[in-house]
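Trainee: Predicted model, plus sequence, below.
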Amino acid sequence: MAPTSLRRLSLIYLRVSSLTFGGGDPTMAALQAELVTRHGWLSREKYGLVYGLARITPGTNILAFCAGTAWELRGWPGAILAVLGATLPSAAAVVLLTVGYEMLKHDARAMAAIAGTLAAAVGLMAVSAWQLVRPDLRPARILRALVLVAGSLSLSYAFRISPVWILGTAALIGFFWRTAPE
Amino acid sequence: MNVALLYLLLLKATSTSFSGLTSLPVLRHDLVEHHRVLTDRQLNAAVAAGRTAPGPNGLYVVSVGYFVAGVPGACAGCMAAMTPAFAILVLLRYLGRRAERPGVKSAIQSVTLAAAGLVINATIPLARDAITGPYPLALAVASFLFLAFTRFATVWIIVGAALAGLAGSFAGFL
């Protein structure tokens, strides 16, 4: 488990995050292949711990994951470079796509294409909700899942309660209402 | 809007979410409903841009920042996406394996479920804006099915939807 050079480590985060599409899960899988399987710099146990903690770190899980794994290997400088490497190329791509949208918003054909992607984005968001709920669709956990999903939807939709309060309340409910382990 | 205030509002959204698009409800509440510096249509385009680009989906906040305040806004979005990531270092040092304690684990599961309800709530206005007839509805359902039940990369679904939109406009569906 010899720590590698900062430059080499940063390049791995840069390359993996700028070439994997579809969000954090494929990126984490690619990083696992590089850091654990291919180079052996990180043990499976450490990888598992960072993975678990990244899930409970606020914000984008994959960026926390990059910070955590690189910190294990090269301390603070590693964590900062890994997060920058994982963020900047993708952020630049996001800005270019947004500029393209702004420039083309008066072109009817381009807007038809964009209307297609906007409709798809609705489908993508629905999938996001579905993937958050799916692990809880089992007999021991479905009642709590229904209460929490329906409760947060109705509080936010009908009463416009701030999401921060809803999420805080859900954490409290979860702390006391524990379901049977899998 | 002042870029520092924008950064703080975006940071509030990113640091109170636990995965990709769960920051969207907070962000929509602040920027679309309260400050009115962003439209639902722009928010929807930002989500599409974030999903089309490689890397984390959470980077749609960069696009949101760009819509509100141009390049400085995009930089504020980028900073807001990166800042909370470093909280994991505090957790790694001090929390260690406590994440596996039943109470903490159960609280995280519950927050995730409540987040799903919030994502559904945030999808409603976006859907009202984007689903203007049967053809966009079919595109939304098709992209849901492809993403949920196949292994197609998101970028191909977005590209396919753009081509389908173009084809639909030539055929007169859009």
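Mentor: The structure has been received and is ready for your questions.
Trainee: Kindly list the longest helix within chain B.
Mentor: As assigned by DSSP state H, the longest helix anywhere in chain B is helix B:102-130.
Trainee: Report the buried residues of that helix.
Mentor: B:104-123, B:125-127, B:130 (16 or more other C-beta atoms under 10 Å in any protein chain shown). For every residue, glycine as well, the C-beta is placed using N, CA and C.
Trainee: which of these come close to chain A?
Mentor: B:104, B:106-123, B:126-127, B:130 (C-beta under 8 Å from any C-beta of the partner chain).
Trainee: Just the mean pLDDT for the longest helix of chain B, thanks.
Mentor: In this model, helix B:102-130 carries a mean pLDDT of 84.
Trainee: The most centrally placed residue in chain B: what secondary structure?
Mentor: For chain B, the residue nearest the mean C-alpha position is B:Leu21 (3.4 Å; C-alpha atoms, centre = their mean). Assigned state for B:Leu21: helix (three-state reduction, DSSP: H, G, I helix; E, B strand; the rest coil).
Trainee: distance of it from A:Ile142?
Mentor: Distance of B:Leu21 to A:Ile142, computed by C-beta to C-beta, to the nearest Å: 23 Å.
Trainee: what's the answer for A:Val50, then?
Mentor: 30 Å.
Trainee: Can you pick out the residue with more neighbours from the two?
Mentor: A:Val50 (26 against 13; other C-beta atoms under 10 Å in any protein chain shown).
Trainee: what stretches of chain A score poorly on pLDDT?
Mentor: Low-confidence segments of chain A, defined by pLDDT under 70: A:1-3, A:20-26, A:181-182.
Trainee: which helix in it runs the most residues?
Mentor: helix A:61-103.
Trainee: which non-adjacent residue is nearest the residue nearest to the centre of chain B?
Mentor: Spatial nearest neighbour of B:Leu21, chain neighbours left out: A:Ser128 (5.0 Å); criterion: C-beta to C-beta, 6 or more residues apart in numbering or on different chains.
Trainee: so that neighbour touches B:Val119, yeah?
Mentor: Yes - A:Ser128 is within contact range of B:Val119, at 5.5 Å (criterion: C-beta atoms under 8 Å).
Trainee: Please enumerate the shared neighbours of those two.
Mentor: Shared contacts of A:Ser128 and B:Val119 (C-beta atoms under 8 Å, 6 or more residues apart in numbering or on different chains): B:Leu21.
Trainee: isn't B:Glu100 right up against A:Gly52?
Mentor: Yes - with contact defined as C-beta under 8 Å, B:Glu100 reaches A:Gly52; the gap is 7.3 Å.
Trainee: between these two, who's got more neighbours?
Mentor: The neighbour comparison of B:Glu100 against A:Gly52 (other C-beta under 10 Å) goes to A:Gly52, with 17 against 10.
Trainee: before we move on, what SS does the more buried one have?
Mentor: Under three-state DSSP, A:Gly52 comes out as helix.
Trainee: So it versus chain B, what's the distance?
Mentor: Distance of A:Gly52 to chain B, given as C-beta to the nearest C-beta, to the nearest Å: 5 Å.
Trainee: wouldn't that residue be in contact with B:Arg101 here?
Mentor: No - with contact defined as C-beta under 8 Å, A:Gly52 does not reach B:Arg101; the gap is 11.6 Å.
Trainee: Can you tell me the element the residue found closest to B:Ser23 once you drop the neighbours it is linked to in the chain falls in?
Mentor: Spatial nearest neighbour of B:Ser23, excluding adjacent residues (C-beta to C-beta, 6+ apart): B:Ser17 at 3.6 Å. For B:Ser17, there is no host helix or strand (DSSP states H and E).
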